[in-house]
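**Q** could you look at this predicted model? Sequence included:
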Amino acid sequence: MWIIHLLIGDAWILWCIYALLGLGGVLILITFLSMNNLLKKFPDNARAGVVWTKVIYLASLVVAIAGAYVFGGYGTEMEWIAKGKSLEAKVAIAEKKSSEATTKIIYLTKEKIIKVRQNIESIKKEIEVNKDEIDKYPISPKAVEIYNKAVAGPEVSK
């Protein structure tokens, strides 16, 4: 069915389905009425036309049933197309939210990097200020304190 949608438009498909249903219904009605009239007019030995009328009647039943089948398939196809479009809209919304979340994550990561760099700079300055005291003793208490600050890192809010 999707190939037909690509080749011709939906309106033409629906028109053809309605024409098929209508043709089947009209043929059923015509053959039904003519069978009743033919049975009354022809004697028992001259009913050759009735046989052809019954064949046409059966063929029109097949056409009507085929039209109903295709009409049901068309309805199902339209439901799936509508569902696909609604899912595409949901995906577009999710992509927009995803890009917003990515922007927020990048911003928060940059903030954390800035805080870490600031902490590194403050520790470097503290080492420069206390360089003489650190060099004086093999392991000074001030060096241990600065080292612990460096290992702990900055306090970053989540």
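**A** In hand now; what should we look at?

**Q** any idea which helix or strand comes after the regular element (helix or strand) spanning Cys16?
**A** Using DSSP states H and E, the element containing Cys16 is helix 10-41. Using DSSP H and E, the helix or strand that directly follows helix 10-41 along the chain is helix 48-129.

**Q** now that following helix against helix 10-41, angle please.
**A** 160 degrees (axes from the mean of the first three to the mean of the last three Cα atoms, to 10 degrees).

**Q** please compute how far helix 48-129 lies from its chain's middle.
**A** 2 Å (Cα atoms, centre = their mean, to the nearest Å).

**Q** report the central residue of the protein.
**A** The chain has Leu87 as the residue nearest its centroid, 3.1 Å off, counting by Cα atoms, centre = their mean.

**Q** and the pLDDT for that residue?
**A** Note on Leu87: pLDDT of 96.

**Q** likewise for Lys96?
**A** 92.

**Q** what about it, neighbour count?
**A** Number of residues near Lys96 (other Cβ atoms under 10 Å) recorded here: 10. C-beta here means a position set from N, CA and C on the backbone, and glycine is covered the same way.

**Q** looking at this protein, which residue reaches furthest from the middle?
**A** Distance-from-mean max, the chain, by Cα atoms, centre = their mean: Lys136 at 70.4 Å.

**Q** ok, Glu133 touching Ile139?
**A** No. With contact defined as Cβ atoms under 8 Å, Glu133 does not count as touching Ile139 (11.4 Å).

**Q** more crowded one of the two?
**A** Counted by other Cβ under 10 Å, Glu133 and Ile139 do not tie: Glu133 has more neighbours, with 12 against 9.
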